[in-house]
Every structure is written in structure tokens, then in C-alpha cells.
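Visitor: Pasting the sequence and the predicted model now:
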Amino acid sequence: MKKNWMALLMGIVMATLLLSACSNEGSSNEADADGGSGEAATEQVLKIGNDQEPAGLDPHKVPAHSSIRIYEKIYDSLLTFDEDMKVQPELAEKWEQPDETTYVFTLREGVKFHNGREMTAEDVKYSFERIMDEETASIAKSYFDKVESIEVVSPTEIKFTLSEPYAPFLSYVASTNAAIVAKEVVEENGDLNQAAVGTGPFKLDEWLPDNHVKLSKNEDYYKDGQPKLDGITYLTMKDESARLAAIRTGEVHVTTLSSQSIPLAEKSDGVEIKSYQSTEYSYVGFNVNKEPFNDVKVRQAISLAVDRKEVADVVWKGDAVLSGPIPESMGQWAIDVSQEELYQQNIEKAKELLAEAGYEDGFETVISTASTYTDMVDTAQLLQQQLEAIGIKAEIKQLEWGQYIDTWTNGDHDMLVGRNSSGSDPDRSIGFFFSTDGSANVWGFSDEKIDQLAEEGRTTIDPEKRVEIYNEAQKRVIEQTPNLFLVSPEKFFIVRDSVDNYSPTANEPENFNDVVIME
Amino acid sequence: MFAYILRRLLMLIPVLFGISVFIFLIMKMIPGDVVSTILGTEATDEARSQLEKQFGLNLPIYQQYLQWMGGVLTGDFGVSLRTGKPILGDIISRFGLTLELTLLSAFISWIIAIPLGIVAALKRNTSTDFGVRIISLLGVSVPNFALATLLLLVLSLAFSYYPPAGYVSLFEEPMKNLQMMVLPAFVLGTAMAGAVMRMTRSSILEVLRQDFIRTIRAKGASERIVIFNHALKNAMIPILTIIGMQIGTLLGGTVIIEQIFSLPGLGQMVLTAINQRDYPVVQGAVLFIATVFVLINLFVDVLYSYLDPRITYK
């Protein structure tokens, strides 16, 4: 009863405020006054509770998620992805491929940088040259190793010549890290950490480290009528209880929480949970140079001993699906792994395989993981229990993030629990992680057949043939089990009811271009 | 006196030198480096060595130290490896926040602790005294992160209140700034108050037993004059010691509270920098905090002789 009185009182106060606000703005807005809901709010600034401080804002250099979620609003790339992970036009209106190694992009006309200058083919050339320049130390450099020359044909046409057919090329062009930047801005500032001038829907206003990043609307954005918001403010709130309190009271409109806190948030009024199937998957990496993991039978035995369903249920509260090296959300590229033999838990068979490898009594080992992420620690603990059934006694080693990355890089581990993002092209999931010379093959894994399939996948342009090649490659990777692929989790956003037109998807989890904040 | 202060200031030099070497080596020794935390699982050997070269991490360690120290001595603390911002400016602007938070907390703790401490001493072994002592014990023993989380939880659920997010400085919007600061200052202040309260109580009790108090009472001074003009001033020395140490600790130690309330203070800066292995930022900030800490201790020492003329420094 008391609550109702409070609500009524608040309602009256709000209505009075609205009325006075409207009378100041003139009579045309009077309709707002009697609404209360269903009308756009006066302040169209979306506040987001960010769980990590961005680690820099240079799109060519910083791979951290806390940074990407911000700079992807500031910059555009030539291409982008649709929900099926197929490339679509963005700054390039269309593209042609006259032969297997040549790509010609036609740029959209009249696209302006935030400093008012029109974007031309020269900027595209400069951006790619910056990425490919060793001095930049760009994380995207290896994406474009096959690019031999870039030629400006006309102010709106640009031609890329590759040294050999390279199928992932277009997906890499669509990557956020291949953002088109303005030359004069880089030259003036030395780098792009303090100054950010792109063509994207939002402009950088202010970055106060450890507190907030303010973006404001780009009035000249090339998509008419977008964005609808006047701005976005990312508030760094590293503390989970602070984010929970802030979303409950409406101090922020959107935030993320760990799966433990989501039920708490769900109970509050005015809060919605929105989810999407992520392109991430959890895995266990084996050090295949080390006994006993150099024996494929041991790795297969572990795969058979593990109950992936339980991982999904316990670690992710059921909000995760089985995953192979390419998760389900990669659409056309992913295979259905639920029928794979190694995904059916079978303790007897696992023991047999272990015995064949000479470990009938099991062995002792260490599972390393990152203490920063509770899901990784939970996964490690669950695996520790599950592996006991086949006599494997595992000790868990929790590492601080910097130390974890070091361990990962140096292959300084037995088993390592982690979470990967599959990116946007299947070459990442197969070639980058598992071919003998793949940059992220830290496992010491080498398999001729996978090398061959990875190479074919890279050089075959025909999409249908590529799908076949990657189907075969996935089966081979699962059979060889250099990593144990577990599950692909759903991701959640906690969103206030007042946020309209927002629906996260795997290709664009944070697209706020159509979002409107309601009263 | 001035000779003393000068001597103490000169002693800062070897102290800071020691700290600089120590922090430099510690940062190099902790596993994980800035390059791998930047690149994460996207690291290629090429990108690694390029970044190492850019940051000067390929040089021998003594050269790295000399280069950094050379900069520091000429007032150039370098730039952050992550944000590219000059470090010294950042330290100073963040120090402003932490200083404000520290002074506010100290102020809150004094207005709670000193009157209560006096009351407890005057009403020794009564229920008032016990009440005060329980409160002060609570203040000392409830961890401030627990109190902070509890406050946020209760305020958000019961009153739907959350302090305004998005920091503004005291000079930009004083009211909004104070609204942001009052909760964290309260949390830190109550924790400080516990210790100060206990110290005030026991120190007043001790002074009250001394001869000169009896003399003052004997010549007929009112109890108010006895307490405020004579006892309190003499009792202040141990209280000041504790306050000085607390302020010094707070300047570098508000990090958890800064994190919970998302305040961009000096503590957060160091913590973020440690996690990101942003070496020059950690080194610069630690040197700065150490300097301030030593200066506060010096200031407190000088205050002693003002409060108690028997204390002199030669």
C-alpha cells in the first residue's frame, strides 16, 4: 500500500516536471504530458555500465572487448556482416572480383569523417597501409599479409591485388580492426588513442580514464535517420554489485552481469534480460608436446569422459549449446556436433582408450585457468570432478590474467581451460588455431591433413566448396582433439524497459543505431 | 627547526631512490608483460617484437631504468603505454579526487569520533561508554568493502537511490561532485572513526589523571575549560599520529572504495595500470604516493611541537 502511494506521488512529480519542461519548449510537445509511457524521453543519452576500462581506442591496435565495443561505434569498415556471417556492404557500396586475386571496391559517395572532410579512396589506402606497416604493430597485420598492392583507381574506387587466392580476405576487410581512419588525424596526434575521428554513427567526446567515455551523435552519418540517440555514455563500473545497483535504480540503461547475479536483476521492476547466442566457445587446450597428452587416445578418452551437457547446465545455467571448433552462431560454417561419437559420454570406452595408451590407472595432471573469469574456474572444477571417473586426478591452478596469457603463449601448462571467440571467418577456427604454423597454435599441434585442409580453405574462393572443406576440417579437428571443445554460451544484456528497439545478435551485439529511450 | 625539516627533506632522496629501484624491479618480475596483456590471444611474434621495440622493452633492464629515471629527474614521467597520455598530469588530476575523498573521510571521522571519544572518557564505565565502544569496535572491524556493498544494495532496493555516475570535479559541479563523494567518504570515515574514537577516549583518560589537570581544577576552572582548553590539546598528540597515518594510508589505499563507487582516483589508476602492466604509470604513481606519504608524516611531526612546546627538533 505504501509503495502505491509513493508511486502515485512520483507520478505526480514526474507529470509536473514534464509539463513544465514542455511548456518551455512550446505547445507542439504538449502530447507528451499525458503519456507517461510510450513517448520518447527528452534526454536521449544511453548510459551503459561497462565492466572493464577500455584499454585504448585505436581500432588497428587494440583487440580488447572493452575497447572494441566503443570504437566500433566511432569507425566503419568497408564491409560488415549480416546475421548469417555473410559479408555485406558498409563504406563500400559494392565490390567486384575480376579474377581470383583482384578485388575492386566502389565506395559510397558523400560519406564524411567526424571532422567534416569527405572520405575517399585515399583514406582507404592509407588505413590499410597503416595496418600493414610493421611500425604500427597492428593486430590486423597478418590478415592482410597476402595483399601485394593497393591502388586508388578514382576517388571512389580502390583496387586490392593479392599475391595468391585468399578466401578469408573479404571477412577480414569487414573486421572492426580494418576500420577506415583519417590520415590527417593520425599524423596530427601520432596515434589514435586520444583522438578518434571515423565515419561511424557516434563521435568521441571525452574519455576520462577509469570513469567514463562519452560519445555523441554523428549528425552526418551516412545512414539517414540514424542514430536516433543523441549520445552514448559508457560508465566504467568494475564492481558487480555497483552494476547491479545501477541497473536496478535506472542509473544505467544497459549493463552486463555474471550468470549468478542475473536472477537478482530479473526480479527488479523495469528490467529485462536480453540474450543472444555468442560466437564464443569454451575449450580445454592440451599441451600435445607433453606426456600423456601427446597420445591422441588420451585426448579422446578425456573427450569421452566429459559430460558437456553438465558443463552447460552447471556453468552456464543451461544457457549454452554444444560446440565444436566452429560454434553454432557461425551459421553456414558450423557442423552439428551433437551426433559426433566423441561427444557421447562413455566412461567404459574412455577407460579402454586410456588403458590402450598405457594409463589404465589414470594419471595426475594440472588444469590451469584464469581466476578473472568465474565461468572458466567453474568449468575447471567441473572437469576436475568428471575426470576422476576415469582415474585422472587433476589439480587446479588459478592464474591472474597477465600470468594466464603468459602461460597460454609459452605453452607452459598441461591442460588449460579457456574461452575463444571464433571471429568471423572459419579460417580463424581452423588455420589460425590449429595449422602447424598458425599464429595462435600454442599447443604444439601438427597434423598434415588439417594443414592441407586449412590451406585449401584459404585458397578456395567458391563459398559452397569452402563450406565442404571446413566441414571436413572440423570433423578432423574433433577426432584429433588438440583442444576439447565444450559449449558455446549465450550472452546476456541487462536492459531497462525504457530502451526501445534494441535486440542483440551475434554479428552486432551492441547495435544502438535504432534505439530510442522512452519515458 | 628549519634545519630539521631540511634534513628530513634530504632524507627523502635515498628513500625515493630505493623505492624507485624496488618498484621498477617488482614490475619487471611479475609474470605477464604489457605486450602480452595488450595482444592477448591475438599475439603474433611479429606484433610482439614490434611493440616491445616501441615501448623500449627490448633494451637491457638497467638501460630501461636509466631512461625512465632520467625522464623523472627532469620532470618527465613519460606517457602511459595504454592511453598515450602524459602520466604526471594524470597523476595530479587523479590525486585531486583522492585528496578530496581522503579529507572528506577524515572530516567525517573527526566529527563522529572526537566528541564520542570525549563523552566516553568522561562517562567511563557507564552504559554510554559501552555503547560508544561497541560502535567504535564495529567501525574498526566491519571491512569497508562490505559496508560499501551493503549501502549500495540497501539504498538501491529500499530507496531506489544510486549516486550519480559519470565523474565531475568539485570545481565543475560542486553539488553533483559532493553527491558522488558523500557515500564513499562516509564508508571510509566510519572505518577511520572507530580507531580515532578509541584513541581519543584512552588518551583523554590518561591526560585527566595528570597533575596539571588537578591544578587547573583546584584553581576553580570550569569542567568545560579543563576539557577543551587543557586536556584535549594535550591528548591530541597520539590522536594526530593516528590520523596522520590514516590519511597517508588512505591516499594510496582508497582503491577498493574507488572501484566500488567507480571514482577515477589515484588508487584505481594504479590498479588498472598493474592489471594492464602499464609500467611507467605504476612506477610514477608509486613514487608520487611515497613522496606524499613521507611529507604528511613530516607535517604531523612538525604539528607535535606546535601542540606540545616541550617537543622540539634540533
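Guide: Looks like it arrived, so ask away. Residues are numbered from 1 along each chain as shown, chains lettered A, B, ... in the order given.
Visitor: Wait, residue A:236 touches residue B:262, no?
Guide: Yes. Using CB atoms under 8 Å, residue A:236 is in contact with residue B:262, at 6.0 Å. Using the backbone N, CA and C atoms, a C-beta is placed for each residue, glycine as well.
Visitor: three-state assignment of the closest residue to residue B:23 other than its chain neighbours?
Guide: Using CB to CB, 6 or more residues apart in numbering or on different chains and skipping residues adjacent in sequence, the residue nearest residue B:23 is residue B:286, 4.8 Å away. When classified by DSSP: H, G, I helix; E, B strand; the rest coil, residue B:286 comes out as helix.
Visitor: picking up where we left off before, which residues are in contact with both of residue A:236 and residue B:262?
Guide: The contact sets of residue A:236 and residue B:262 overlap at A:210, A:211 (CB atoms under 8 Å, 6 or more residues apart in numbering or on different chains).
Visitor: Neighbours of residue A:149, how many?
Guide: 9 (other CB atoms under 10 Å in any protein chain shown).
Visitor: Over to residue A:345?
Guide: With neighbours defined by other CB under 10 Å, the count for residue A:345 comes to 17.
Visitor: Leaving out chain neighbours, which residue sits closest to it?
Guide: Leaving aside its chain neighbours, residue A:345 sits nearest to residue A:307 (4.8 Å; criterion: CB to CB, 6+ apart).
Visitor: Residue A:116 belongs to a helix, doesn't it?
Guide: No. Residue A:116 is assigned coil when assessed by three-state DSSP, not a helix.
Visitor: Return the backbone torsion pair for it.
Guide: Main-chain dihedrals, residue A:116, degrees, to the nearest 10: phi 90, psi -10.
Visitor: ok, and the closest non-adjacent residue to it?
Guide: Once flanking residues are discounted, residue A:116 sits nearest to residue A:220: 7.7 Å by CB to CB, 6+ apart.
Visitor: Low-confidence regions, chain B specifically.
Guide: Along chain B, the parts satisfying pLDDT under 70 run over B:41-43, B:252, B:314.
Visitor: hey, where'd the strands end up in it?
Guide: For chain B, strands defined by DSSP state E do not occur.
Visitor: which one is the residue of it found nearest chain A nearest to, not counting chain neighbours?
Guide: Residue of chain B nearest chain A, by CB to the nearest CB: residue B:32 (2.5 Å). The shortest distance from residue B:32 to any non-neighbouring residue, by CB to CB, 6+ apart, is to residue A:402 (2.5 Å).
Visitor: Looks like the one you found contacts residue B:36 (just checking).
Guide: Yes. At 7.0 Å, residue A:402 counts as touching residue B:36 under the criterion of CB under 8 Å.
Visitor: Of these two, which one has the most company?
Guide: A direct count of neighbours by other CB under 10 Å for residue A:402 and residue B:36 places residue B:36 higher, at 24 against 21.
Visitor: Check which residues of the helix or strand hosting residue A:310 are buried.
Guide: Here residue A:310 sits within helix A:308-315, counting by DSSP states H and E. Across helix A:308-315, burial judged by 16 or more other CB atoms under 10 Å in any protein chain shown covers A:308, A:311, A:312, A:315.
Visitor: Could you give the number of residues near residue 274?
Guide: Here I'm looking at chain A. 15.
Visitor: oops, I was thinking of chain B
Guide: Other residues close to residue B:274 by other CB under 10 Å number 19.
Visitor: excluding its backbone neighbours, what's nearest residue A:172?
Guide: residue A:143 (3.8 Å).
Visitor: That neighbour: what's it in contact with?
Guide: Counted by CB under 8 Å, 6+ apart, residue A:143 has contacts A:131, A:168, A:172, A:175, A:177, A:178.
Visitor: So which of these is the closest to residue B:240?
Guide: The nearest member of the contacts of residue A:143 to residue B:240, counting by CB to CB, is residue A:177 at 56.2 Å.
Visitor: where's the residue nearest to residue B:23 relative to residue A:510, distance?
Guide: 36 Å (CB to CB, to the nearest Å).
Visitor: higher neighbour count, the two?
Guide: A count of neighbours by other CB under 10 Å puts residue B:286 above the other of residue B:286 and residue A:510, at 21 against 17.
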